[in-house]
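**Student:** With the input below, show me the fold.
(one chain, ligands or ions: 2)
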Amino acid sequence: MSFETHPYTADMARPRLSERLREGCRSLWQRQMEHPFVVALGNGTLPSANFQFYILQDALFLDELTKTFAYATTKTTNHEEMEQFGTFVLNTLLVEADLHHRYGERFGLSPAEMTTIPMAPTNYAYTPHLLTIATVGTLPELLTAILPCAWIYAEVGHHLLDTVPPAPDHPYRDWLLTYASPDFDSVGTWIRERLDQRAPFLNAQEEARLHEIFLTSTRYEWLFWDMAWKMEEWP
Ligand SMILES: Cc1ncc(CO)c(N)n1
Ligand SMILES: Cc1ncsc1CCO
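**Tutor:** Ligands and ions are numbered 1, 2, ... in the order given. So this is what the prediction gives:
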């Protein structure tokens, strides 16, 4: 292999890979903002039964997302990346310990009780999608699979906060502030940077696979709101 082989960078006007991925499912992103669950979460009219369902499912989801970040540490030898993935492991657990358990207390549920409920069907399908890629996929595939999680939540958080600035007594204020925070923005920004950095080294087939993965995760993100709106049950 020759070190004179540089990645293709001549076409500077071409959008970054992360932008191309998002562009590939633009209407689905827009539809998330308009989903009745998301709208009601933002304006505070979401029934607490739906929110409780959501937060309990999300606690289970975040356990699996934590594991996905942990697998990511095994797919790089770059110390800055290993450290960042380790930080994500810790921060995801902290979001759960803090935000989720505070809401759990409000519902009269202990952290132990929160993990005894079974995963609803969509959650049960989404999390193995992430973990399969985390275990058998490449690092760009893993980054792509988790990117919609970080990116969509930051966008939803900002969108809702901009649409209806939450009053101090808004029931879901803590949730909104968590995901509309600059700290949370930086998760998505960092994942996009790392993915875009690797983009020039991917062939067409590898990139096509990333589009497929990104679309699947985005679809599951939409389905996750829908699951909580319908309080999805097993037959
Ligand atoms: C389902 C889901 N996706 C993304 C996030 C944020 O990472 C979350 N908490 N839950
Ligand atoms: C992606 C994600 N979701 C909740 S926490 C977290 C990453 C670390 O803050």
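**Student:** which residues in this protein form helices?
**Tutor:** Taking DSSP state H, the helices of the chain run over residues 17-23, 26-33, 36-43, 48-72, 79-95, 101-106, 111-114, 121-136, 139-163, 173-179, 182-198, 204-230.
**Student:** buried stuff in the fourth one?
**Tutor:** What it means is helix 48-72. By neighbour count on 16 or more other C-beta atoms under 10 Å, the buried set for helix 48-72 is 50-62, 64-69, 71-72. Every residue, glycine included, has its C-beta placed from N, CA and C.
**Student:** Over to the third one?
**Tutor:** Within helix 36-43, the residues that count as buried by 16+ other C-beta under 10 Å are 37-42.
**Student:** in the protein, which helix or strand is least confident?
**Tutor:** In the chain, the helix or strand scored least confidently by mean pLDDT, DSSP states H and E is helix 111-114, which has a mean of 82.
**Student:** Give me the helices and strands touching that helix, please.
**Tutor:** helix 101-106 (3 or more C-beta pairs under 8 Å, 6 or more residues apart in numbering; DSSP states H and E).
**Student:** picking up where we left off before, can you tell me which of the buried residues of helix 36-43 lies closest to Arg22?
**Tutor:** Proximity of those to Arg22 (C-beta to C-beta) peaks at Val38, which lies at 17.4 Å.
**Student:** Wait, that closest one touches Thr163, no?
**Tutor:** No: contact criterion C-beta atoms under 8 Å: Val38 and Thr163 do not qualify, at 10.2 Å.
**Student:** and Leu41, how far is that from Trp225?
**Tutor:** Per C-beta to C-beta, to the nearest Å, Leu41 is found 8 Å from Trp225.
**Student:** about what we covered before: would you format the buried residues of helix 36-43 as CSV with distance to Tyr103 and pLDDT included?
**Tutor:** Conversion of these to CSV gives the following (distance: C-beta to C-beta, whole Å; pLDDT from 0 to 100):
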residue, distance to Tyr103, pLDDT
Phe37, 16, 98
Val38, 17, 98
Val39, 20, 97
Ala40, 16, 97
Leu41, 12, 97
Gly42, 16, 96
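**Student:** rewinding a little: which one of the helices of the chain has the lowest average pLDDT?
**Tutor:** Here the lowest mean pLDDT among the helices of the chain goes to helix 111-114, at a mean of 82.
**Student:** For it, which residues meet the burial criterion?
**Tutor:** Applying 16+ other C-beta under 10 Å to helix 111-114 flags Met114 as buried.
**Student:** cool, and stretch 13-32?
**Tutor:** Across stretch 13-32, burial judged by 16+ other C-beta under 10 Å covers 17-18, 20-22, 25, 28-29, 32.
**Student:** repeat for stretch 88-99
**Tutor:** So for stretch 88-99, counting by 16+ other C-beta under 10 Å, buried means 88-89, 92, 95-96, 99.
**Student:** wait, Ala59 sits on Asp98?
**Tutor:** No: applying C-beta under 8 Å as the test, Ala59 and Asp98 come out as separate, 11.6 Å apart.
**Student:** Centre-most residue in this structure?
**Tutor:** Cys149 (1.1 Å; C-alpha atoms, centre = their mean).
**Student:** Around ligand 2, which positions in the protein sit nearby?
**Tutor:** With C-beta under 6 Å from any ligand atom as the criterion, the chain comes near ligand 2 at residues 62, 88, 91-92, 95, 149-150, 187.
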